[in-house]
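Asks: Build me a model:
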Amino acid sequence: MRPTIRQLEYLVELAECLSFRGAAARCHVTQPALSKQLQQLEAQLGLKLFERDTKRVLPTPAGREMAHLAKRLLVELDRMVEAGRGLGPALAGTLRIGVIPTIAPYLLPHVLPHIRQQFPRVRPLLREAKTGELVRELLDGGLDILILAPDTTLVGVEVDRLFTDDFLLAAPANHPLASARSLKPKDLRGHDVLLLDEGHCLRVQVLPLCQKSGANEVGDFRASSLATLVEMVASGVGVTLLPEMAADLARERSGIVVRPFVDPPTRDIGLAWRPGSPRAREFKKLGRTILEAWAKKA
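Replies: You can find the predicted model right below:
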């Protein structure tokens, strides 16, 4: 008798959570129901998959191996479903989209209405997180597509680059750089620059520029959002580099000026999906819709 998909899902969740309560919550079932299914799975396989006591749950060596195999099978099942969607109407049903925080609030309000208009049968579900987390969820089958800023550190996915986003300088109104009409990266030399925290791809893209120009990162402060960076600039702590799509954050804040660069540093904006996805053609159509919507905004 073969294990059911439900049993495989419960096995994977418990191996990751190491808690019946946590695994049951993630599977939206009761603890007794989850425990019963796993007991049946152990009986079918003739293996003890977990060590249980009143304080903890640990997978046995056999349990770890079976959970690993089960996860691979579930990923393949997701790919089968994905392939089936690719044979149906273009972009119909639920589309799980991951978006990084330095893009989501600035791009989505402009492009989501166009996506709904162009693909009325699609139901977008949005997940906002840092790049590394989103890529892991994509490869594990939890997301269908990502909207991010791909760079040389992004590997293991297919990428469709859509457009570039220039970086601008945001500085306090009384800062020495505020009087310049335009700047060069070398003008940052010796100035304090505020950056995002570790894990944000924007930090990875901006930090080398700051190091090359001789700027000083404010080492005892790292922001978790662009809005926080803008507030710190307004308080006079230093300057920062903002992507142009988010520049209105600074323009609308009193006490801050925004200045362009003569030869501006840029970041790419694009889509990413699992390699070999049968929905690649659909995703490229989605990319064109995003590009057209953003061009109209600009």
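Asks: Tell me which helix or strand in the protein has the weakest average pLDDT.
Replies: Between all helices and strands in the chain, the lowest mean by mean pLDDT, DSSP states H and E belongs to helix 61-87, at a mean of 80.
Asks: What number of residues are in the vicinity of residue 211?
Replies: For residue 211, the neighbour count with other CB atoms under 10 Å is 11. (C-beta placed from N, C-alpha, C; glycine too.)
Asks: Can you classify it by secondary structure?
Replies: On the three-state scheme (DSSP: H, G, I helix; E, B strand; the rest coil), residue 211 is labelled helix.
Asks: For it, which residues are in contact?
Replies: Applying CB atoms under 8 Å, 6 or more residues apart in numbering, we find residue 211 in contact with no residue.
Asks: That one and residue 243: what is the separation?
Replies: 19 Å (CB to CB, to the nearest Å).
Asks: where does the stretch 1-150 of the chain have low pLDDT?
Replies: Applying pLDDT under 70 to the stretch 1-150 of the chain flags residues 82-90.
Asks: can you give me the strands in it?
Replies: Chain-ordered strands for the stretch 1-150 of the chain, with DSSP state E, counting those that start in this stretch as the definition, fall at 50-52, 57-59, 93-99, 122-128, 145-148.
Asks: Go through the following helix or strand past the last one and flag the buried ones.
Replies: Read that as strand 145-148. Per DSSP states H and E, strand 145-148 leads on to strand 158-172 as the next helix or strand towards the C-terminus. The neighbour-count check on strand 158-172 (16 or more other CB atoms under 10 Å) flags 159, 160, 162, 165, 166, 167, 168, 169, 170, 171, 172 as buried.
Asks: Shouldn't residue 267 be within a helix?
Replies: No - counting by three-state DSSP, residue 267 is not part of a helix but strand.
Asks: which ones are touching it?
Replies: 149, 151, 164, 165, 167, 202, 205, 243 are the contacts of residue 267 under CB under 8 Å, 6+ apart.
Asks: Adding distance to residue 289, write the residues you listed out as a markdown table.
Replies: Listed next are the contacts of residue 267 as a markdown table, based on distance: CB to CB, whole Å:
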| residue | distance to residue 289 |
| --- | --- |
| 149 | 19 |
| 151 | 24 |
| 164 | 18 |
| 165 | 18 |
| 167 | 26 |
| 202 | 24 |
| 205 | 25 |
| 243 | 21 |
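Asks: Give me the phi and psi for the residue of the chain positioned farthest from its centre.
Replies: Centroid-distance maximum for the chain: residue 46 at 40.4 Å, with CA atoms, centre = their mean. Main-chain dihedrals, residue 46, degrees, to the nearest 10: phi 70, psi 30.
Asks: repeat for residue 261
Replies: When read as degrees, to the nearest 10, the backbone of residue 261 gives phi -100, psi 150.
Asks: does it have beta-bridge partners, and which?
Replies: Counting by DSSP bridges, residue 261 forms beta bridges with residue 183.
Asks: and the angle from the least confident helix or strand of the chain to strand 93-99?
Replies: Interaxial angle of helix 61-87 relative to strand 93-99 (axes from the mean of the first three to the mean of the last three CA atoms, to 10 degrees): 110 degrees.
Asks: just to revisit the earlier point, of the contacts of residue 267, which is the nearest to residue 286?
Replies: residue 149 (17.1 Å; CB to CB).
Asks: Just confirm the closest one contacts residue 268, I think it does.
Replies: Yes - counting by CB atoms under 8 Å, residue 149 does reach residue 268; the two are 6.1 Å apart.
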